[in-house]
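Engineer: sequence? don't have it. structure:
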């Protein structure tokens, strides 16, 4: 890129020399023709008559030329033709539209400045279909696994973090180093919300919560009373666990007084209001101990206002169902509210690598207290088909059909990765752009 220059031509006509008088102190520039330099495709440098692998159907082409030059950019074999104007510094940018097809394309750039000086640039683009969001990828010579999210590659922080999201190492797609470097780096994928985790150096167990927090269980009684299982605990390094901010213990012991009268009913005293513990499971599950209970006279007990009975509640990331219905819900967080997302198909449940044995049965009253949310559908990156032959990749709750078996294989997907799902589930999903 260079600024607009004053051009002075020395020429001869009819064999006569022509002299130009230049005042002293005047800056003189040599004659410089129009040119095209610093060409890049998606920020990767491209030389004239060179070639580049592009994992993007709508690549962005940038470069420098004479200031305020008009450019015609042609990507042949479609063709896609764009016309842009360089800015006052000579920089230009163009994003291919409409999208390219995969394959080999010839890029031609023609620049014409305001004095009709021409410059051209040509190179070859080898265009490949990028993998959809949700795809797990790695290089052949590196153990690091990434998951694509919003077009970025998120490294999975550890094997334990991987195990909180996926129950198998199958389905990871091996990609070239060129493709891997094409994806912008994203933040590391850590433990899934709802994962049970402890470190290798301590016995304390934590429940991973949204926004990078963890909540500890104050006792084994609280852990088991909430329906959690010891065999589901993931073990990781103390350093990884320390990445999560402590958000307090789960259902900690209250500073309020635990009282009872002459019968067996036990209450939590909150100011001038008493709340009944409906059963021993709720009492223990909320972290209290029987030796916390103080006995008062019935007259004292009758002097308090009776409030709502206490309930056990569960945290985001927990899979729950009611006692009388088969529908499973994933508890999630939306602002300050805990919501429940219905999982209406077994295929959706299994695509998220959830374990059926981890579903906790809760009372209807507790389930009704959670705000309804949209259903949890197939996981991004799932490779699925219905009763027909079309294979789809799931991305952003949409199904994207592979245009051919050749495309599927060129993207290094394994045929064993395909899961057959009910046609009704596929029909309920919006169609995304075809993968071609």
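Structural biologist: Perfect, thanks for sending it. Fair warning: this is a prediction, and the values are worked out from it, not measured in the lab. Residues are numbered from 1 along each chain as shown.

Engineer: any chance you could map the helices in the chain?
Structural biologist: For the chain, the helices defined by DSSP state H cover 159-165, 177-182, 220-225, 238-241, 280-285, 298-302, 346-351, 364-368, 405-410, 423-427.

Engineer: would you turn those into TSV with mean pLDDT and distance to residue 146?
Structural biologist: C-beta: built from backbone N, CA, C; applies to glycine. Listed next are the helices of the chain as TSV, based on pLDDT from 0 to 100; distance: least, Cβ to Cβ, whole Å:
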stretch	mean pLDDT	distance to residue 146
helix 159-165	97	11
helix 177-182	91	8
helix 220-225	80	33
helix 238-241	96	18
helix 280-285	80	39
helix 298-302	85	61
helix 346-351	95	19
helix 364-368	85	37
helix 405-410	94	20
helix 423-427	94	27
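
Engineer: beta partners for the most centrally placed residue in the chain?
Structural biologist: Geometric centre of the chain, nearest residue: residue 149, 3.5 Å, by Cα atoms, centre = their mean. With DSSP bridges as the criterion, residue 149 is bridged to residue 152.

Engineer: quick one: it and residue 184 touch, right?
Structural biologist: No - the criterion here is Cβ atoms under 8 Å, and residue 149 misses it with residue 184 at 10.7 Å.

Engineer: need the contact list for residue 228.
Structural biologist: 196, 217, 360 (Cβ atoms under 8 Å, 6 or more residues apart in numbering).

Engineer: Same question for residue 387.
Structural biologist: Contacts for residue 387 (Cβ under 8 Å, 6+ apart) come out as 420, 423.

Engineer: cool, residue 341 as well?
Structural biologist: Residue 341 neighbours (Cβ under 8 Å, 6+ apart): 329, 330, 331, 332, 373, 374, 375, 376.

Engineer: So which of those are in strands?
Structural biologist: 329, 330, 331, 332 (DSSP state E).

Engineer: The third one contacts residue 337, doesn't it?
Structural biologist: No - with contact defined as Cβ under 8 Å, residue 331 and residue 337 do not form a contacting pair (10.6 Å).

Engineer: With neighbour numbers in mind, choose between the two.
Structural biologist: Per other Cβ atoms under 10 Å, whichever of residue 331 and residue 337 has more neighbours is residue 331, with 23 against 10.

Engineer: per-residue confidence at residue 6?
Structural biologist: pLDDT for residue 6: 32.

Engineer: How about residue 23?
Structural biologist: 50.

Engineer: ditto for the one 3 residues further on
Structural biologist: If you check residue 26, the pLDDT there is 46.

Engineer: And for residue 30?
Structural biologist: 39.

Engineer: Next: residue 69.
Structural biologist: For residue 69, the model assigns a pLDDT of 83.

Engineer: which one is it nearest to, not counting chain neighbours?
Structural biologist: In space, and not counting its chain neighbours, residue 69 is closest to residue 113: 4.3 Å by Cβ to Cβ, 6 or more residues apart in numbering.

Engineer: got the end-to-end distance for stretch 79-95?
Structural biologist: Terminal residues of stretch 79-95 are spaced 14 Å apart (Cα to Cα, to the nearest Å).

Engineer: and that stretch, which residues are buried?
Structural biologist: 80, 84, 86, 90, 92, 94 (16 or more other Cβ atoms under 10 Å).

Engineer: if I look at the fourth one, how far off is residue 119?
Structural biologist: As for residue 90, its distance to residue 119 is 11 Å (criterion: Cβ to Cβ, to the nearest Å).

Engineer: Tell me the residues that contact both of the two, please.
Structural biologist: Common neighbours of residue 90 and residue 119 (Cβ under 8 Å, 6+ apart) are 65, 66.

Engineer: ok so, going back, let's have the contacts of residue 341 in JSON lines, adding pLDDT and distance to residue 426.
Structural biologist: Formatted as JSON lines, the contacts of residue 341 follow (pLDDT from 0 to 100; distance: Cβ to Cβ, whole Å):
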{"residue": "329", "pLDDT": "97", "distance to residue 426": "22"}
{"residue": "330", "pLDDT": "97", "distance to residue 426": "21"}
{"residue": "331", "pLDDT": "95", "distance to residue 426": "27"}
{"residue": "332", "pLDDT": "93", "distance to residue 426": "24"}
{"residue": "373", "pLDDT": "95", "distance to residue 426": "22"}
{"residue": "374", "pLDDT": "93", "distance to residue 426": "18"}
{"residue": "375", "pLDDT": "93", "distance to residue 426": "14"}
{"residue": "376", "pLDDT": "93", "distance to residue 426": "16"}
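
Engineer: can I get those in CSV with distance to residue 74?
Structural biologist: Converted to CSV, the contacts of residue 341 look like this (distance: Cβ to Cβ, whole Å):
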residue, distance to residue 74
329, 54
330, 50
331, 54
332, 49
373, 49
374, 45
375, 46
376, 46
